[in-house]
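**Student:** give me the fold of what follows.
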Amino acid sequence: MGGPGWIEGGAALRDGRRVRIRAVQAADEPAILKLLVSLSPESRRLRFFSSATDLGRAAHEAVDGRWPSMIGLVALAEPDDELVAHALAVPMDPARAEVAFEVADAYHGQGAGTLLLIRLAALAESHGIEQFVAEVLPENHDMLAVFHDAFPEHVTFEPGVVTVEVPTRAWRSARERFKPAGAEAGRATT
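**Tutor:** Here you go, the predicted structure:
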(Lines give C-alpha, C1' and ligand atoms only; values in the text may rest on other atoms or scores of the structure.)
Protein backbone atom coordinates (compact mmCIF):
# COMPACT_ATOMS: atom_id res chain seq x y z
CA MET A 1 0.00 0.00 0.00
CA GLY A 2 2.84 2.44 0.74
CA GLY A 3 2.73 5.26 3.26
CA PRO A 4 3.27 5.20 7.03
CA GLY A 5 2.92 1.74 8.59
CA TRP A 6 0.32 2.83 11.19
CA ILE A 7 -2.31 3.51 8.52
CA GLU A 8 -3.51 -0.08 8.56
CA GLY A 9 -4.48 -1.56 11.90
CA GLY A 10 -6.91 -1.42 14.78
CA ALA A 11 -8.55 1.66 16.25
CA ALA A 12 -11.11 2.44 18.95
CA LEU A 13 -14.23 4.46 18.20
CA ARG A 14 -15.76 6.99 20.58
CA ASP A 15 -18.21 4.45 21.99
CA GLY A 16 -15.50 1.84 22.60
CA ARG A 17 -16.24 -0.35 19.59
CA ARG A 18 -13.15 -1.37 17.66
CA VAL A 19 -12.50 -1.34 13.93
CA ARG A 20 -9.65 -2.56 11.78
CA ILE A 21 -8.63 -0.22 8.98
CA ARG A 22 -6.96 -1.49 5.83
CA ALA A 23 -6.59 -0.72 2.14
CA VAL A 24 -9.62 -1.41 -0.03
CA GLN A 25 -9.38 -4.59 -2.08
CA ALA A 26 -11.18 -5.76 -5.21
CA ALA A 27 -12.83 -8.50 -3.12
CA ASP A 28 -14.52 -5.74 -1.03
CA GLU A 29 -17.01 -4.90 -3.78
CA PRO A 30 -19.90 -7.01 -2.36
CA ALA A 31 -19.31 -5.65 1.16
CA ILE A 32 -19.19 -2.05 -0.09
CA LEU A 33 -22.42 -2.65 -2.01
CA LYS A 34 -23.99 -4.09 1.17
CA LEU A 35 -22.87 -0.96 3.08
CA LEU A 36 -24.31 1.37 0.41
CA VAL A 37 -27.62 -0.52 0.29
CA SER A 38 -27.86 -0.39 4.09
CA LEU A 39 -27.56 3.40 4.21
CA SER A 40 -30.76 5.29 4.91
CA PRO A 41 -32.19 7.20 1.91
CA GLU A 42 -31.07 10.43 3.60
CA SER A 43 -27.50 9.16 4.08
CA ARG A 44 -27.37 8.12 0.42
CA ARG A 45 -28.68 11.53 -0.67
CA LEU A 46 -26.09 13.33 1.42
CA ARG A 47 -23.28 11.11 0.08
CA PHE A 48 -24.26 11.03 -3.60
CA PHE A 49 -26.36 14.25 -3.82
CA SER A 50 -29.23 11.97 -4.86
CA SER A 51 -31.00 8.95 -3.40
CA ALA A 52 -31.37 7.49 -6.91
CA THR A 53 -27.75 6.47 -7.39
CA ASP A 54 -26.61 3.27 -9.11
CA LEU A 55 -25.18 1.65 -5.98
CA GLY A 56 -23.77 -1.34 -7.87
CA ARG A 57 -21.76 0.97 -10.08
CA ALA A 58 -20.62 3.01 -7.07
CA ALA A 59 -19.43 -0.16 -5.29
CA HIS A 60 -17.62 -1.33 -8.42
CA GLU A 61 -15.91 2.03 -8.89
CA ALA A 62 -14.88 2.05 -5.22
CA VAL A 63 -12.67 -1.01 -5.79
CA ASP A 64 -11.89 -0.65 -9.49
CA GLY A 65 -8.64 1.21 -9.26
CA ARG A 66 -5.21 1.47 -7.80
CA TRP A 67 -3.00 4.47 -7.29
CA PRO A 68 -2.62 6.69 -9.30
CA SER A 69 -6.26 6.31 -10.32
CA MET A 70 -7.41 6.29 -6.67
CA ILE A 71 -6.73 5.00 -3.19
CA GLY A 72 -9.21 3.77 -0.65
CA LEU A 73 -9.49 2.53 2.91
CA VAL A 74 -12.15 0.51 4.67
CA ALA A 75 -13.05 0.11 8.34
CA LEU A 76 -14.09 -3.37 9.43
CA ALA A 77 -15.97 -3.84 12.71
CA GLU A 78 -14.26 -6.20 15.10
CA PRO A 79 -14.62 -9.09 15.74
CA ASP A 80 -16.75 -10.09 12.70
CA ASP A 81 -15.02 -7.92 10.04
CA GLU A 82 -18.25 -6.34 8.79
CA LEU A 83 -17.36 -3.43 6.50
CA VAL A 84 -18.80 -0.35 8.23
CA ALA A 85 -17.03 2.55 6.53
CA HIS A 86 -15.19 3.36 3.32
CA ALA A 87 -13.13 6.32 2.17
CA LEU A 88 -11.56 7.03 -1.17
CA ALA A 89 -9.37 9.67 -2.78
CA VAL A 90 -9.48 10.21 -6.55
CA PRO A 91 -6.74 12.43 -7.99
CA MET A 92 -7.96 15.58 -9.73
CA ASP A 93 -4.45 16.57 -10.79
CA PRO A 94 -0.94 15.61 -9.56
CA ALA A 95 -1.30 17.55 -6.29
CA ARG A 96 -5.03 17.36 -5.41
CA ALA A 97 -7.53 14.57 -4.85
CA GLU A 98 -11.27 14.53 -4.31
CA VAL A 99 -12.32 12.57 -1.23
CA ALA A 100 -15.58 10.84 -0.36
CA PHE A 101 -16.80 8.67 2.52
CA GLU A 102 -19.56 6.24 3.44
CA VAL A 103 -20.17 5.31 7.06
CA ALA A 104 -22.84 2.84 8.18
CA ASP A 105 -25.71 4.67 9.86
CA ALA A 106 -25.11 2.78 13.13
CA TYR A 107 -21.54 4.14 13.18
CA HIS A 108 -22.34 7.82 12.55
CA GLY A 109 -20.86 10.17 15.12
CA GLN A 110 -18.38 7.62 16.48
CA GLY A 111 -15.22 8.85 14.74
CA ALA A 112 -14.93 6.28 11.93
CA GLY A 113 -14.97 8.99 9.25
CA THR A 114 -12.38 11.04 11.12
CA LEU A 115 -10.09 8.02 11.53
CA LEU A 116 -10.35 7.24 7.82
CA LEU A 117 -9.77 10.87 6.83
CA ILE A 118 -6.57 11.18 8.90
CA ARG A 119 -5.16 7.91 7.63
CA LEU A 120 -6.21 8.59 4.03
CA ALA A 121 -4.49 12.01 4.19
CA ALA A 122 -1.23 10.39 5.35
CA LEU A 123 -1.46 7.79 2.61
CA ALA A 124 -2.28 10.37 -0.07
CA GLU A 125 0.58 12.64 1.05
CA SER A 126 2.99 9.70 0.65
CA HIS A 127 1.80 9.54 -2.98
CA GLY A 128 2.43 13.25 -3.59
CA ILE A 129 -1.10 14.55 -3.00
CA GLU A 130 -0.90 17.89 -1.19
CA GLN A 131 -4.58 18.79 -0.86
CA PHE A 132 -7.92 17.07 -0.42
CA VAL A 133 -11.06 18.58 -1.92
CA ALA A 134 -14.60 17.50 -1.07
CA GLU A 135 -17.95 18.81 -2.22
CA VAL A 136 -20.45 18.56 0.62
CA LEU A 137 -24.10 19.53 0.75
CA PRO A 138 -24.52 22.43 3.22
CA GLU A 139 -26.98 20.41 5.32
CA ASN A 140 -24.51 17.50 5.69
CA HIS A 141 -23.39 18.63 9.14
CA ASP A 142 -21.94 15.22 10.02
CA MET A 143 -19.50 15.25 7.09
CA LEU A 144 -18.56 18.88 7.69
CA ALA A 145 -17.88 17.94 11.32
CA VAL A 146 -15.55 15.13 10.20
CA PHE A 147 -13.37 17.64 8.35
CA HIS A 148 -13.54 20.13 11.20
CA ASP A 149 -12.71 17.49 13.83
CA ALA A 150 -9.65 16.31 11.93
CA PHE A 151 -8.34 19.59 10.53
CA PRO A 152 -10.04 22.50 12.38
CA GLU A 153 -7.34 25.03 11.64
CA HIS A 154 -7.01 24.06 7.98
CA VAL A 155 -10.56 23.74 6.62
CA THR A 156 -11.55 26.24 3.94
CA PHE A 157 -15.21 26.50 2.98
CA GLU A 158 -16.65 27.97 -0.20
CA PRO A 159 -20.35 28.87 -0.64
CA GLY A 160 -23.11 26.99 -2.48
CA VAL A 161 -22.31 23.33 -2.47
CA VAL A 162 -19.73 23.53 0.28
CA THR A 163 -16.26 22.88 -1.11
CA VAL A 164 -13.94 21.77 1.64
CA GLU A 165 -10.21 22.01 1.00
CA VAL A 166 -7.61 20.70 3.44
CA PRO A 167 -3.86 20.14 3.13
CA THR A 168 -2.97 16.48 3.49
CA ARG A 169 0.06 17.43 5.63
CA ALA A 170 -2.38 18.33 8.42
CA TRP A 171 -2.75 14.61 9.25
CA ARG A 172 0.22 14.90 11.62
CA SER A 173 -1.44 17.34 14.02
CA ALA A 174 -4.76 15.51 13.69
CA ARG A 175 -3.14 12.20 14.59
CA GLU A 176 -1.61 13.79 17.69
CA ARG A 177 -5.06 14.96 18.85
CA PHE A 178 -6.57 11.50 18.32
CA LYS A 179 -3.78 9.33 19.77
CA PRO A 180 -4.87 6.58 22.17
CA ALA A 181 -2.27 7.39 24.83
CA GLY A 182 -3.55 10.31 26.85
CA ALA A 183 -6.60 10.76 24.65
CA GLU A 184 -9.75 12.10 26.27
CA ALA A 185 -12.31 9.49 27.19
CA GLY A 186 -14.79 9.08 24.39
CA ARG A 187 -12.55 10.35 21.58
CA ALA A 188 -11.69 8.23 18.60
CA THR A 189 -8.11 6.99 18.41
CA THR A 190 -5.74 6.40 15.56
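**Student:** grab the longest helix from this protein for me.
**Tutor:** In the chain, taking DSSP state H as the definition, the longest helix is helix 112-126.
**Student:** name the helices or strands packed onto the helix or strand that that helix is followed by?
**Tutor:** Later in the chain than helix 112-126, the nearest helix or strand by DSSP states H and E is strand 131-136. Contacting strand 131-136 under the criterion 3 or more CB pairs under 8 Å, 6 or more residues apart in numbering; DSSP states H and E are the following elements: strand 96-103, helix 112-126, helix 141-150, strand 162-167. C-beta here means a position set from N, CA and C on the backbone, and glycine is covered the same way.
**Student:** could you export these as CSV, including mean pLDDT, distance to Ile21 and mean neighbour count?
**Tutor:** Written out in CSV, the entries for the helices and strands packed on strand 131-136 read as follows (pLDDT from 0 to 100; distance: least, CB to CB, whole Å; neighbours: other CB atoms under 10 Å):
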stretch, mean pLDDT, distance to Ile21, mean neighbour count
strand 96-103, 94, 13, 21
helix 112-126, 93, 6, 25
helix 141-150, 87, 14, 19
strand 162-167, 88, 19, 18
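**Student:** now render those as JSON lines, adding distance to Gly72.
**Tutor:** Conversion of the helices and strands packed on strand 131-136 to JSON lines gives the following (distance: least, CB to CB, whole Å):
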{"stretch": "strand 96-103", "distance to Gly72": "9"}
{"stretch": "helix 112-126", "distance to Gly72": "8"}
{"stretch": "helix 141-150", "distance to Gly72": "16"}
{"stretch": "strand 162-167", "distance to Gly72": "18"}
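**Student:** for Arg20, which of these is the nearest?
**Tutor:** When the helices and strands packed on strand 131-136 are compared by CB to CB, helix 112-126 sits nearest Arg20, at 10.9 Å.
**Student:** confidence-wise, which helix or strand of the chain is lowest on average?
**Tutor:** strand 156-158 (a mean of 69; mean pLDDT, DSSP states H and E).
**Student:** and stretch 8-25, what's its mean pLDDT?
**Tutor:** Rounded to a whole number, the mean pLDDT of stretch 8-25 is 93.
**Student:** pull up the distance across it, start to finish.
**Tutor:** Looking at stretch 8-25, the gap from its leading to its trailing residue is 13 Å under the measure CA to CA, to the nearest Å.
**Student:** next, the buried residues of it.
**Tutor:** By neighbour count, with 16 or more other CB atoms under 10 Å as the criterion, the buried positions of stretch 8-25 are Ala11, Ala12, Leu13, Arg14, Arg17, Val19, Ile21, Arg22, Ala23, Val24.
**Student:** alright, I will stop here.
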